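K.L.:
Can you look at this prediction? I've put the sequence above it.
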Amino acid sequence: MLAALELGDVEIVSADSMQVYRGMDIGTAKTPEGERGGVAHHLIDVADPGDEWDVVRFTAEARRVMAGIEARGRRALFVGGTGLYLHALIDDFAVPGRWPDLWHELDGQPDTVALHRRLKELDPVGAARAEPGNRRRVLRALEVTLGSGRPFSSFGPGVDAFPPTGWRLAGVWLPRDVLARRIEGRLVAMMDAGFLDEVRALAGRPGGLSRTARQALGYRELLAHVAGRSTLEDAVAEAARRTRQFSRRQRMWWRRDPRVRWFGAPENPLAVLPALLGDWKA
């Protein structure tokens, strides 16, 4: 936000896979409209919580939004979010379609390692790119291979390739202990702000929540509590643990990409702003 205000010709585009959902406000840490400083924000509150949202939908919407921003003579600043979404956009992946019935059929098979063996028979290259225990990735690769009739790996080099790009990529680094404290503190603040009530309201919706919306950090754990499957204390502890895991995966994901320029701070991430702006204005 502060960077966008300083640069002046920027509109923000959220790359968060959960801020797209209306009504999922506290747990996704959306910036309230009154605190956006007049800077246009995109891809927030664009989907119903009962809708599926994935990389296919994100890339289509992101390209549409970006074209509109550039037509206005402005620049798009993508922030936060999901590594795969940004990677697919930056490197212009040929994103394959979806076959929901096939995905649900495959998801009904509990043995992920066996699914990986099946993928290896059909698409050895795709299987080599997916850890045998990474269920979501194995399921997606099988869904595409079986649904499209062509190997998942044929749709592009995958997330391990980092070709030259015209995008400018910046990452903010904090010490792990500082990040862990910030995660804990943010979760406490969310609970104080009414996160549990927000989840109760979502759980009571007539249409329910989609598979993707249910997986959101914090929401999955509090939904289990609302359903009587865990205590509130256990749900909050599990949400904190899962968020810490996610932050480590994010760090590992982006550390692989040599195109990212990193800016580190010992405590406050806003401390990197002068260096970050200096780099962008150079």
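P.N.:
Thanks, I have it.

K.L.:
What are the buried residues along the helix or strand harbouring V138?
P.N.:
Assigned by DSSP states H and E, V138 belongs to helix 135-148. Within helix 135-148, the residues that count as buried by 16 or more other Cβ atoms under 10 Å are R135, R137, V138, L139, R140, A141, L142, E143, V144, T145, L146, G147. No exception for glycine: its C-beta is placed from N, CA and C like everyone else's.

K.L.:
just stretch 188-207 next, same as before
P.N.:
Buried residues in stretch 188-207 (16+ other Cβ under 10 Å): M190, M191, F195, L196, E198, V199, L202.

K.L.:
Likewise for stretch 227-235?
P.N.:
Buried residues in stretch 227-235, counting neighbours by 16+ other Cβ under 10 Å, are found at S230, A235.

K.L.:
on that earlier part again, dump the buried residues of helix 135-148 to a markdown table, plus distance to R256 and pLDDT.
P.N.:
Formatted as a markdown table, those follow (distance: Cβ to Cβ, whole Å; pLDDT from 0 to 100):
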| residue | distance to R256 | pLDDT |
| --- | --- | --- |
| R135 | 21 | 89 |
| R137 | 15 | 87 |
| V138 | 20 | 94 |
| L139 | 22 | 94 |
| R140 | 19 | 90 |
| A141 | 19 | 93 |
| L142 | 24 | 96 |
| E143 | 25 | 96 |
| V144 | 22 | 94 |
| T145 | 24 | 96 |
| L146 | 28 | 96 |
| G147 | 28 | 95 |
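
K.L.:
could you dump those residues to JSON lines with distance to R118?
P.N.:
As requested, these are exported to JSON lines (distance: Cβ to Cβ, whole Å):
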{"residue": "R135", "distance to R118": "13"}
{"residue": "R137", "distance to R118": "14"}
{"residue": "V138", "distance to R118": "9"}
{"residue": "L139", "distance to R118": "11"}
{"residue": "R140", "distance to R118": "13"}
{"residue": "A141", "distance to R118": "10"}
{"residue": "L142", "distance to R118": "7"}
{"residue": "E143", "distance to R118": "12"}
{"residue": "V144", "distance to R118": "13"}
{"residue": "T145", "distance to R118": "9"}
{"residue": "L146", "distance to R118": "9"}
{"residue": "G147", "distance to R118": "14"}
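
K.L.:
Of these, just say which sits nearest to R176.
P.N.:
R137 (25.0 Å; Cβ to Cβ).

K.L.:
wait, isn't that closest one in contact with A128?
P.N.:
No: taking contacts as Cβ atoms under 8 Å, R137 lies outside contact range of A128: 11.8 Å.

K.L.:
How much space separates L277 from G8?
P.N.:
Plainly put, L277 is 11 Å away from G8 if you go by Cβ to Cβ, to the nearest Å.

K.L.:
same thing with R255?
P.N.:
R255 is 31 Å from G8, where distance means Cβ to Cβ.

K.L.:
Now do the strands in the chain.
P.N.:
For the chain, the strands defined by DSSP state E occupy 10-14, 41-42, 75-79, 169-173, 260-264.

K.L.:
for the chain, which spans come out with low pLDDT?
P.N.:
1, 3-4, 157-158, 282 (pLDDT under 70).

K.L.:
before we move on, back to that, looking at R255 and G8, which is more packed in?
P.N.:
R255 (12 against 9; other Cβ atoms under 10 Å).
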